[in-house]
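Sequence and predicted structure below; questions after.
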Amino acid sequence: MNKPKFQKRTVFLLLYLVFALLPVYWMINMSFKTNEDILASFSLLPQHFTWANYRTILTDASWYSGYINSLIYVGINTLISITVALPAAYAFSRYSFLGDKHVFFWLLTNRMTPPAVFLLPFFQLYTTVGLMDTHIAVALAHLLFNVPLAVWILEGFMSGIPREIDETAYIDGYSFPGFFVRIFLPLIKAGVGVAAFFCFMFSWVELLLARTLTSVNAKPIVAIMTRTVSAAGMDWATLAAAGVLTIVPGAIVIWFVRNYIAKGFAMGRV
Amino acid sequence: MFLTLRGCCWPRRSGAGGAEMARIELDLAHAYRPDPKQDSDYALLPLKMTFEDGGAYALLGPSGCGKTTMLNIMSGLLAPSQGTVHFDGRDVTRASPQERNIAQVFQFPVIYDTMTVAENLAFPLRNRKVPQAQITKRVGEIAEILEMSGQLNQRAAGLAADEKQKISLGRGLVRPDVSAILFDEPLTVIDPHLKWQLRRKLKQIHHELKLTLIYVTHDQVEALTFADQVMVMTRGRAVQVGSAADLFERPSHTFVGHFIGSPGMNFLAGRVDQSGFHCADACLQIPLGRVLPAGELKIGVRPEYLVPASANTEGALPVVVSQMQDVGTHVMLSATFAGQTLKARLSSDAAQYAPGDTVWLKLMCEQTCFYKDEEIVP
Amino acid sequence: MSAIIKPVNQKAWFLILPVLLCVAFSAILPLMTVVNYSVQDIISPERRVFVGTEWFAAIMRDEELHGALLRQLTFSFSVLAIEIPLGVLLALAMPAEGWKSSAVLVIVSLSLLIPWNVVGTIWQIFGRADIGLMGAALQGLGIDYSYTGNATHAWLTVLLMDVWHWTPLVALLGYAGLRSIPDAYYQAASIDGASKFAVFWYVQLPKMRGVLMIGVLLRFMDSFMIYTEPFVLTGGGPGNSTTFLSQFLTQKAVGQFDLGPAAAFSLIYFLIILLLCFILYNWMQRVGTQEKEGGHE
């Protein structure tokens, strides 16, 4: 049962990983150069290696506060999204009720409009309720597209669990919350991991709404990065460094949910 | 610790439709890590076992005892860390499940969702490039046996759990040269009122097709009704192999005594010396003709064989009644002696005792077994 | 959602109430505003004239819109045609466990985490012959590559950028779906003598159907609304060869600052996506549940 070392699968995977990393490597490369270096010469590795770009970002409050702001509202949003999506996904998966198919599809329609459409109305709405320039405003606004996504993903995974498990748990005397937390959730770990990661990701990179609803206190990193165009031209170097740093929180999130995504559906031991 | 079973009078024969059943011989152990030093490092302690061709066997034991491991080693999904597996004398230890030609039915129904019932059943044959006409015929035969002929064109995904399990079984039966069918707790997700139907169907199939069937379960009722020979396992060890009667009458290990029977066997711990068996301040005469080793010993007697006797009868002990439970067909008496609990199964018209009463129960009888260090004294 | 019959339980509405509140709060008010604007001519903040369906009619007749729509449709379907199979293949190739699985997961997900304007910027540089690795490499191979001057090159670059950016989404969904398949299915297939392709076709793909549907719909919607990345990379050019629908809408709205037609266009935009998604969704549902009905091998 020994397979040859270099299967087609492995070769394909390696090729893709190279493809995925090339632009990232180029960005990292740029982040360690100065603007002059970038524009002056083409080199695979920085000729004059410099930490200056990172230093700028990590010491300038207006830069690193952007990261913190982003992390805050993305965290809030992910938490709310998953929490409200779980019971809803369970309902769609297990029960049939009036209008269920329509509501399910309607949820997804909220992602079908270019965000530009919502800019003005959201601006007016949040100004009216006095939530402008707060983290919670962006977190709430992002619920628009994250909650439907979470519901759809979770429903998909929940439908893969046979109902016999629910019934056995009730026979064994579990209450609904007990069953849900102790038996059901561990079985859909992969779905929760994926849904959480996607909510994090879509909220993290969203620019339009985040920029419109914030000005100073809650300005996210994505907005700050758009102001790298100055009279001297594009500040490639700082932008590259900022770009590299934006990957870091997401990479950490995926590291933490990797077990949730990779663990399968374990049923029936011995 | 070796355990051998010699096939007892199973004539070698082919199953219906030209099936060639296999005689499976195991001589192996399976450890969790490459360098096992103590018993707990083993998933399966060294054992030797032969499953005769055409026999129906059950592997019975609680969760974690190693029965599924053993099944997977037999089917080829797992290779033992040491030892061999032989099918009809052929060494198949490293052979794949396909090469061994076995079929396995899992704990939850495994079917191909996108196919109809007929296509599911035909799948193993299609993979072997059997001609279509033959496939159709064979699928028809098997569907007949499973009582699913009317559902052949239905999508398998829409059926109930028990029907799906029948399809899983059918995929095993459809191959005329299948060597053995292995079942891994197949009735777990089946509704209780359908379980007996499926059990009956399995017994029927065994009868008709004379297949070697090996059935893993933690339910003694399933094991004892299904199999001719039951192998009781605990913690990686096969403690006894025998028929239902053997296991009931002469459990060779206290575990078997506990596990089989409802409730299990009564055990009374005490000491043996020249004068007899001592427990607390009572002394019982050892039955004539029996020689028991001196020292710590346990008496085992089933609730079914524990009868009330008059005071001071030979081999009887005074016990204090704690409860009398009327279970409809019989009455269960629970009592204590010197801190140890004893249960007796009495007929419904037996005398009524109240909690606190003292009753004399005859412990020493024909069916009483003696255990030293948990093993039976022959 | 499978063919299994589900018990009817109207109380399930309580379970979805939180979701409805969150989404409705974010969706309905703005939607009402947009509908409101779309039937008015907003000459100035004080002067609004009700014009009914005038804007809708004008938009439908607009030639430039037809062009943008056609480009957009071609783009979206190309995206689906490449990213879905590629994503599935990638999901199959990714290791299931061990340190390798964690490492591969992180590397594959990197492109998803980059803000979209930075994605555009990276590729903008990447494709330049003077300071970019890809540009320089292609020039080195003798190809006169220019995404600013050559419309085909621009198209291909935008497509490549999208594939690089978003294929991991499909792959992650597929990967999670694959990990949810119990071992017993693979074991049974092995016992049944199934070939590797048969295992893929009869076990893996059907079990991934749910997640793949999410992947298809997501990629379709997002590619249909794509704005930032191509805008940063090519600005819509050369000419308008890479001006897709979203950029067209923004040009109209921002450039001419006419809320009425912009709102009307937004609604039409939304309805197009809705219609196409609805078709896709129903087609995929039907493909799943009707497979092999009456079909024999």
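Happy to help now that I have it.

can you map out the strands along the chain?
If you meant another chain, say so; for now it's chain A. Secondary structure of chain A by DSSP state E: the strands cover A:229-230, A:233-234.

Chain C, not that one
If DSSP E is used as the criterion, the strands of chain C fall at C:40-42, C:48-50.

what comes into contact with the first one?
The one in question is strand C:40-42. Residues lying outside strand C:40-42 but in contact with it, judged by Cβ atoms under 8 Å, 6 or more residues apart in numbering or on different chains, are C:48-51, C:54, C:258-260. Using the backbone N, CA and C atoms, a C-beta is placed for each residue, glycine as well.

Near the residue of the stretch 151-297 of chain C found nearest chain B, how many other residues are there?
For the stretch 151-297 of chain C and chain B, the shortest gap (Cβ to the nearest Cβ) falls at C:Gly193, measuring 3.9 Å. The number of residues packed near C:Gly193 is 20, by other Cβ atoms under 10 Å in any protein chain shown.

If you tally nearby residues, what's the number for the nearest residue to it once chain neighbours are set aside?
Excluding its sequence neighbours, the residue lying closest to C:Gly193 (Cβ to Cβ, 6 or more residues apart in numbering or on different chains) is B:Asn127, at 3.9 Å. The number of residues packed around B:Asn127, counting by other Cβ under 10 Å, is 15.

Let me know the pLDDT of B:Asn127.
In this prediction, B:Asn127 carries a pLDDT score of 90.

mind checking how far C:Ile43 is from chain A?
Separation of C:Ile43 from chain A (Cβ to the nearest Cβ, to the nearest Å): 17 Å.

dump the residue contacts of that residue.
C:Ile43 sits next to C:Val49 when contact means Cβ under 8 Å, 6+ apart.

just A:Trp152 next, same as before
A:Trp152 sits in contact with A:89, A:104, A:107-108, C:214, where contact means Cβ under 8 Å, 6+ apart.

mind running it again at 10 Å?
Applying Cβ atoms under 10 Å, 6 or more residues apart in numbering or on different chains to A:Trp152 gives the contacts A:85, A:89, A:92, A:104-105, A:107-108, A:111, A:195, C:210-211, C:213-214, C:217-218.

what is the rounded mean pLDDT of stretch A:180-199?
The average pLDDT within stretch A:180-199 is 85.

For chain B, tell me whether it is touching it.
No. With Cβ under 10 Å from any Cβ of the partner chain as the measure, stretch A:180-199 is seen stopping short of chain B, the closest distance being 12.8 Å.

And that stretch, what's buried?
Of the residues in stretch A:180-199, those scored as buried under the neighbour-count criterion (16 or more other Cβ atoms under 10 Å in any protein chain shown) are A:180, A:183-184, A:187-199.

returning to that earlier point: which stretch in the strands of chain A is the model least sure about?
strand A:229-230 (a mean of 58).

pretty sure B:Leu28 is in a helix, no?
No. The secondary structure assignment for B:Leu28 gives strand rather than a helix, going by DSSP: H, G, I helix; E, B strand; the rest coil.

just checking, the residue of the stretch 151-297 of chain C closest to chain B touches B:Val174?
No. Counting by Cβ atoms under 10 Å, no contact exists between C:Gly193 and B:Val174, whose distance comes to 11.7 Å.

Between those two, which contacts overlap?
Here C:Gly193 and B:Val174 share the contacting residues B:123-125, scored by Cβ under 10 Å, 6+ apart.

Let's see the PyMOL selection covering just the buried ones among the residues you listed.
Typed into PyMOL, the line below selects the buried ones among the shared contacts of C:Gly193 and B:Val174, using 16+ other Cβ under 10 Å:
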select buried, chain B and resi 123+124+125
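
how about the helices of the stretch 201-350 of chain B, start to end?
Under the criterion DSSP state H, counting those that start in this stretch, helices of the stretch 201-350 of chain B are mapped to B:220-226, B:244-249, B:254-259.

Tell me which of those sits nearest to chain C.
helix B:220-226 (19.6 Å).

Which pLDDT value belongs to C:Val88?
Per-residue confidence for C:Val88 comes out at a pLDDT of 95.

and it, how far is that from chain B?
Shown here: C:Val88 relative to chain B, a distance of 16 Å by Cβ to the nearest Cβ.

domain ranges for chain B?
Per the record's domain assignment (automatic domain parsing), chain B is made up of the domains B:24-101+B:177-255, B:262-376.

how much space is there between the residue nearest the centre of chain A and A:Leu15?
In chain A, the residue lying closest to the centroid (Cα atoms, centre = their mean) is A:Met201, at 1.4 Å. Remark: distance between A:Met201 and A:Leu15 (Cβ to Cβ, to the nearest Å) = 24 Å.

can you check A:Leu71 too?
In this structure, A:Leu71 and A:Leu15 are 34 Å apart, going by Cβ to Cβ.

Please say which of these two ends up with more neighbours.
Of the pair A:Leu71 and A:Leu15, A:Leu71 is the one with more neighbours under other Cβ under 10 Å, namely 16 against 11.

Can you give me every residue that contacts the more buried one?
Here A:Leu71 is in contact with A:135, A:200, A:204, A:220-221, A:249 (criterion: Cβ under 10 Å, 6+ apart).

Go again with 6 Å.
For A:Leu71, no residue meets the contact criterion (Cβ atoms under 6 Å, 6 or more residues apart in numbering or on different chains).

What confidence value was assigned to it?
Among the per-residue scores, A:Leu71 holds a pLDDT of 90.

Skipping its backbone neighbours, what lies nearest C:Gln204 in space?
Spatially, and ignoring its direct neighbours in sequence, C:Gln204 is nearest to C:Leu178 (6.3 Å; Cβ to Cβ, 6+ apart).
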